[in-house]
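**Student:** got a sequence here, can you build the structure:
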Amino acid sequence: MEPIVERRYWILVSDPRQYHWDTLFVKGKEMWRGAGSRPAVKRLVKQLRRGDRVLAYHGTPDRWVYALAEVTRDPYVDPGDPEGKAMIIDLRAVERLPHPVRLADIKLNPLLRHMKFLKNPRLPISPVTESEYREVLRMGGIVPSPGMPLP
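**Tutor:** Model (predicted):
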């Protein structure tokens with residue numbers, strides 16, 4: 001029997017001119033190669049686990065949380081990286097937000113002022129607390145029904 005692991009939450013950043021999150025929705029699931037091989041980012045990627053939830057963020061020029069995704073496989077070395085240093089994860093599309101949540105609105109929300117993401121929104125990955133995740137979903141138009149879990 002596998003031990004129960006607590007679900008964690010993340011923001012993954014993508015430049016929509018290089019990888020638009022709609023691509024994930026068209027394909028349903030895909031390898032996410034957006035992290036690269038920088039040591040600090042690699043340490044974060046290694047913390048992702050199957051079942052974790054992701055806020056899919058579009059960087060410049062959009063600067064908004066666009067959709068939700070789920071990690072479907074623990075991190076592994078990118079088979080396309082000849083040096084074997086870059087880590088990737090597999091993602092599954094969950095849902096587009098009814099209303100993308102702009103970075104400017106996240107910065108104005110007092111419940112989100114301590115998000116690690118706000119300290120450096122250029123990082124391709126950042127952890128998010130469950131309460132921050134829920135607040136971003138609320139801002140994006142996703143509110144849970146009684147007895148129904150959030151996506």
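**Student:** hang on, Arg122 packs against Gly59?
**Tutor:** Yes: the pair Arg122 and Gly59 passes the contact test of C-beta atoms under 8 Å, sitting 7.3 Å apart. Where you see a C-beta, it was placed from the backbone N, CA and C, and this is true even at glycine.
**Student:** hey, what's in contact with both of the two?
**Tutor:** Val13 (C-beta atoms under 8 Å, 6 or more residues apart in numbering).
**Student:** would you map the helices across this protein?
**Tutor:** Residue ranges of the helices in the chain, as given by DSSP state H, are 22-27, 39-45, 103-108, 116-119, 130-139.
**Student:** what does the second one contact?
**Tutor:** So the one you mean is helix 39-45. Everything outside helix 39-45 that qualifies as a contact, by C-beta under 8 Å, 6+ apart, is 35, 75, 85-89, 123-127.
**Student:** buried ones in that helix?
**Tutor:** For helix 39-45, a neighbour-count test (16 or more other C-beta atoms under 10 Å) marks 41-42, 44-45 as buried.
**Student:** also the longest one?
**Tutor:** Within helix 130-139, the residues that count as buried by 16+ other C-beta under 10 Å are 132-137, 139.
**Student:** same check on stretch 27-41?
**Tutor:** Quick answer for stretch 27-41 (16+ other C-beta under 10 Å): 30, 32-36, 41.
**Student:** contacts only, for the residue nearest to Arg96 when sequence neighbours are not counted.
**Tutor:** Nearest residue to Arg96, sequence neighbours excluded (C-beta to C-beta, 6 or more residues apart in numbering): Ala67, at 4.6 Å. Contacts here follow C-beta under 8 Å, 6+ apart; on that basis Ala67 touches 21, 24-25, 56, 93-97.
**Student:** where do the strands of the chain begin and end?
**Tutor:** Secondary structure of the chain (DSSP state E): strands at 9-14, 29-32, 53-58, 64-77, 87-102, 125-128.
**Student:** worst average pLDDT in these?
**Tutor:** Among the strands of the chain, strand 29-32 has the lowest mean pLDDT, at a mean of 92.
**Student:** strand partners of that strand, parallel vs antiparallel please.
**Tutor:** strand 87-102 (antiparallel) (DSSP bridges).
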